[in-house]
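[1] okay, sequence plus prediction incoming.
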Amino acid sequence: MIKAISDTQIDLEASAGYKPPTIESGIAPLPFTDLGDREFELLSYLLVKREIDEGKHPLFTKIVLMQGVGERGRDCILYRNDIVCGVIQCKKITSRISRPVVIKEVIKFLLFYLLDNSLMPTPATHQYHLYAAMDLSEPAAIFLNSHISELDVEVNEGRFDNYVKQVTDDYESFSCFRENPPVDNVLNLFKGLSFSFSNSIDLTARVYNYSNLVSLFFRTVSIVDIEGADRVFRKALDDYGIKYLTDDDLKSVQGRIGNIDKEHRVSLGIADFYGLSRDFFSHMGEEDFKAVLSSIAEVQRLFDRLIINISQKKMNELVLSEITENLLNKGRIHPFSVIIAPPYLIRRIFQETLGKSISNEFKSKDFMRALTKKETLELVITETLNSSNRVMNGDLSHLTGNEDDINFKMRIFERIHQGFSTITDAEKQLRKDLEVLQPILDDIEMRVTKLICPQRTIIINDTAFIDDAEKFKKVINDLISFM
């Protein structure tokens, strides 16, 4: 006969225990290991009870908390329509629970069942839930996730028999099993159980759904959200003229320019200078001044040219491998659909890599104008279909090159338009192929643009870095990695 604990007693026990402090951030796991053993059992019980009431456990209709003594391997009992269908065993251990501990804990419960079959009326469907105040070790987690095959490993390596014998020796209740431990019975019952486990991270996420549980078992200290705290913290530091930097490279930059006064800071638009006074620039001759600006502009042009060339090279490699070889050559798309990939990707990639770093005044009104992904795709489709339609109607005026070049282009045209009678056929096929093609286009765009940040800043250092052994070593290692 199971004696259920009244709600009044549960409330009394829950409110009387020690409340560990915790920061109410919703990020770090709650300090379950700071609770007492009984408090952790109470918390687990109240959590599952609320979840059952909200229909989050459709297989259970009731949960009962055990008295805490003589529970026979069960801290909580789960019911379905007044029939016992599962148990929850709570382990409040301050370290990760090992595989042997898990196995022996279940063996203990099964030995009690062999003494009293009412503990598990339907063994084939019985569920065993393990709640860990911290976590399981990796071998223990692997065991519970694949317990049938893992049990065979334990048996084959001779450990399972030893575990059963150890448990019978450790508990006086099992003295009747000591001469002949029921290894086979326990093994068969073990394989029939269904297992699940929850660690501190799982339990934290669930407990935070019920704020009254957090306040009942923990002494909480509320803080602002991370982004809000970050803004407040940074503003406070800025008010005192202190820069909040965590990145080592940013710290290095801050160390070089943070103490330079305003008189030695000069911004010329395309470049900012630190450590050179305004008076220095006023004494610079016109030719020297032009030479400085021209040199900076040339470096920018060089990098823009490299960005275009490298982006296009990477794009062509990916179009060949991901579209031509993986889609076209395997018959997943029509040859016509391939031709929209290069112009679409060029527009998208250049908009991302160059569009955000140059002034609107210098952007082409056509090629670099800001368009959404959908707008860019529709523009390329329209241009492609218009070009094909002109050739289908015998208009070759837009094809460039000599006669041989045009004849070669016409042979390609016939190949990629194979099976089309009208431009409508081509558009229909293209729209169909886009279901397969669009995710690949998105992936290629992401992989190419990942090479280059949309906004770029180049910092030119003096040679003092050579005297810093760590910085010099880092520079050498970076250079080696590029070779």
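    All right, it came through fine. Numbering: from 1, shown residues only.
[2] all contacts plus neighbour counts: C-alpha atoms, from now on.
    Noted.
[3] and residue 430, how far from residue 46?
    As judged by Cα to Cα, to the nearest Å, residue 430 and residue 46 stand 58 Å apart.
[4] scratch that, residue 158
    When Cα to Cα is applied, the distance between residue 158 and residue 46 equals 40 Å.
[5] show me which of these two is the more surrounded one.
    A side-by-side neighbour count of residue 158 and residue 46, using other Cα atoms under 10 Å, places residue 46 first with 20 against 11.
[6] show me the contacts for the more buried one.
    Residue 46 makes contact with residue 213 under the criterion Cα atoms under 8 Å, 6 or more residues apart in numbering.
[7] mind checking which helix or strand it is in?
    Here residue 46 sits within helix 37-53, counting by DSSP states H and E.
[8] repeat that for residue 60.
    Under the assignment given by DSSP H and E, residue 60 is not contained in any helix or strand.
[9] and if you look at residue 308?
    Take DSSP H and E as the rule and residue 308 turns out to sit in helix 286-318.
[10] before we move on, what about residue 74?
    With elements delineated by DSSP H and E, residue 74 resides in a region that no helix or strand encompasses.
[11] chain neighbours aside, what residue packs nearest to it?
    residue 89 (5.4 Å; Cα to Cα, 6 or more residues apart in numbering).
[12] repeat that for residue 399.
    In space, residue 399 is closest to residue 406, 6.6 Å off (Cα to Cα, 6+ apart).
[13] number of residues surrounding that neighbour?
    Each residue near residue 406 was counted by other Cα under 10 Å, and the total is 14.
[14] try the one 5 residues further on
    By the measure other Cα under 10 Å, the count of residues near residue 411 is 10.
[15] how about residue 66?
    Once other Cα under 10 Å is used to define contacts, residue 66 is seen to have 20 neighbours.
[16] how about the contacts made by residue 163?
    Contacts for residue 163 (Cα under 8 Å, 6+ apart) come out as 100, 103, 104, 107.
[17] tell me which residues are up against the one helix or strand the third one maps to.
    I take that to be residue 104. When secondary structure is defined by DSSP H and E, residue 104 falls within helix 99-115. By Cα under 8 Å, 6+ apart, the residues outside helix 99-115 that reach it are 72-74, 119-120, 136-137, 139-141, 143, 163-164, 167, 174, 186, 189-190.
[18] with stretch 401-419 instead?
    Counting by Cα under 8 Å, 6+ apart, 334, 335, 336, 399, 400, 426 sit against stretch 401-419.
[19] the fifth one: how many residues sit nearby?
    Look at residue 400: counted by other Cα under 10 Å, it has 10 neighbours.
[20] and the spatially closest residue to it that is not a sequence neighbour, how far from residue 415?
    In space, residue 400 comes closest to residue 406 once its chain neighbours are excluded; the distance is 7.0 Å by Cα to Cα, 6+ apart. For residue 406, the distance to residue 415 equals 14 Å [Cα to Cα].
[21] what average pLDDT does the helix or strand where residue 131 lies get?
    Counting by DSSP H and E, the element that carries residue 131 is strand 127-132. For strand 127-132, mean pLDDT is 96.
[22] next SSE downstream of that strand?
    Scanning onward from strand 127-132 (DSSP H and E), the first element met is helix 138-145.
[23] how about that next one as PDB, C-alpha atoms only?
    This file holds the C-alpha atoms of helix 138-145, laid out as PDB (Å, rounded to 0.1, in the frame of the first residue of the first chain):
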ATOM      1  CA  GLU A 138      29.400  10.200 -21.500                       C
ATOM      2  CA  PRO A 139      29.500   6.400 -21.000                       C
ATOM      3  CA  ALA A 140      26.400   6.600 -18.800                       C
ATOM      4  CA  ALA A 141      24.500   8.700 -21.400                       C
ATOM      5  CA  ILE A 142      25.500   6.300 -24.100                       C
ATOM      6  CA  PHE A 143      24.300   3.400 -22.000                       C
ATOM      7  CA  LEU A 144      20.800   4.900 -21.400                       C
ATOM      8  CA  ASN A 145      20.400   5.900 -25.000                       C
END
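[24] hmm, back to that, wait, which of the contacts of residue 163 is closest to residue 434?
    The shortest gap between residue 434 and any of these belongs to residue 103, at 53.2 Å (Cα to Cα).
[25] let me know the pLDDT of the closest one.
    Looking at residue 103, its pLDDT stands at 97.
[26] burial of it, as a residue count?
    Applying the criterion other Cα under 10 Å, we find 20 residues in the vicinity of residue 103.
[27] residues contacting residue 271?
    Per Cα under 8 Å, 6+ apart, neighbours of residue 271: residue 296.
[28] wait, I meant residue 143
    Under the criterion of Cα under 8 Å, 6+ apart, the contact partners of residue 143 comprise 99, 150, 151.
[29] now with 6 Å?
    residue 150 (Cα atoms under 6 Å, 6 or more residues apart in numbering).
[30] ok, now how distant is it from residue 136?
    If you measure residue 143 against residue 136 using Cα to Cα, the figure is 10 Å.
[31] same check, this time on residue 416
    Taking Cα to Cα as the measure, residue 416 and residue 136 are separated by 59 Å.
[32] neighbour count for the two, which is higher?
    Relative neighbour count places residue 136 above the other of residue 416 and residue 136, with 25 against 17, counting by other Cα under 10 Å.
[33] so what's that one bridging to?
    When assigned by DSSP bridges, residue 136 has beta-bridge partners residue 97.
[34] can you pull the pLDDT of it?
    Predicted confidence (pLDDT) at residue 136: the value is 93.
[35] that one touches residue 94, doesn't it?
    No - in terms of Cα atoms under 6 Å, residue 136 does not count as a neighbour of residue 94; the distance is 10.8 Å.
[36] picking up where we left off before, residues in contact with the strand holding residue 131?
    Applying Cα under 6 Å, 6+ apart, the set of residues contacting strand 127-132 is 86-91, 193-199.
[37] give me the buried entries from those.
    When neighbours are counted using 16 or more other Cα atoms under 10 Å, the contacts of strand 127-132 contain these buried positions: 86, 87, 88, 89, 90, 91, 193, 194, 195, 197, 198, 199.
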